[in-house]
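Pasting the sequence and the predicted coordinates here, then a few questions.
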Amino acid sequence: MMSTPTAKIDSEIFNILVEAKYNKKAINIIYSAPGKKPKEWTLSPYDFYFRGNAWYMASYNHKYKNLGVHRVSRIITANLSSEKYILPDTAGFTEDYILSAWHVIPGFEKNFIRVRITEPLADSFREIQWHPTQEIQECPEGGIILTAEVPSLYEVARWVMSGAPHIQVIEPEELKNLVRDFAEEILSNI
């Protein structure tokens, strides 16, 4: 039997979130992102999805009047709000919105990426669908070129670092700069 490690969630909080979604109720939460002070939000929960090792909630943020994603395990408190539930805009939140994420961060922005993946990683990467828009091209000298359109270059830069030196950015320049910044930060701390 194989098990995936998962982020722990408070079952009472999760039950409140699910109840709010199905009964179309807004919720008040306190959310604690890593390295930041906890924030209070009023949200209208739309859906939940499991990605990587954690549950995420897609919702409408009443303060910023936009769609957002929150990791459920980072919600410290949750309770039903007296604010009116905001229905999803059919032009906004859809399954395609969630699927736009390279990993977790969805969005409407489209950044074209092209990366070269060399062996030994290329062999296993041929088997993985990283993104719905990805295309893979075999390189004559070995390895592959992966292209895709993604909303967050930050997520892709972190992914590139996790596969270094076997993942190299071809384009865009902004992605190269993010990877370079990450590498310089790592080197400055050695």
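Yep, it's here. Numbers count the residues shown, from 1 in each chain.

C-alpha only now, for contacts and for neighbours.
Will do.

Strands of this protein, residue ranges please.
Remark: strands assigned in the chain by DSSP state E are 27-31, 39-51, 54-61, 66-71, 75-80, 111-117, 135-138, 144-150, 167-171.

Run the chain-centre distance for the fourth one.
Just to be clear, that refers to strand 66-71. With CA atoms, centre = their mean, to the nearest Å as the basis, strand 66-71 stands 10 Å off its chain's centre.

same deal with the third one?
The offset between the C-alpha centroid of strand 54-61 and the centroid of the whole chain comes to 10 Å, using CA atoms, centre = their mean.

Please point out which parts of the longest helix seen in the chain sit buried.
Across the chain, the longest stretch assigned as helix under DSSP state H is helix 173-188. Neighbour-count burial for helix 173-188 flags Leu175, Lys176, Leu178, Val179 (criterion: 16 or more other CA atoms under 10 Å).

What count of nearby residues applies to the closest residue to Val160 other than its chain neighbours?
Nearest non-adjacent residue to Val160, counting by CA to CA, 6 or more residues apart in numbering: Ile167, 5.6 Å away. When neighbours are counted by other CA atoms under 10 Å, Ile167 registers 22.

Repeat that for Val156.
The burial count for Val156: 21, using other CA under 10 Å.

Just to check, it is in contact with Val104?
No - shown here, Val156 and Val104 do not form a contact pair, counting by CA atoms under 8 Å, at 10.7 Å.

follow-up on the earlier one: ok, residues contacting the longest helix of the chain?
Outside helix 173-188, the residues that touch it by CA atoms under 8 Å, 6 or more residues apart in numbering are Ile113, Leu153, Tyr154, Val156, Ala157, Arg158, Val160, Met161, Val169, Ile170.

Which of those residues are buried, as a ChimeraX select command?
To isolate the buried subset of the contacts of helix 173-188 in ChimeraX, counting by 16+ other CA under 10 Å, use the following:
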select :113,153,156,157,160,161,169
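
Pipe the contacts of helix 173-188 into a markdown table and attach pLDDT per row.
What follows is the contacts of helix 173-188, written out as a markdown table (pLDDT from 0 to 100):
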| residue | pLDDT |
| --- | --- |
| Ile113 | 95 |
| Leu153 | 93 |
| Tyr154 | 91 |
| Val156 | 93 |
| Ala157 | 94 |
| Arg158 | 90 |
| Val160 | 94 |
| Met161 | 93 |
| Val169 | 96 |
| Ile170 | 97 |
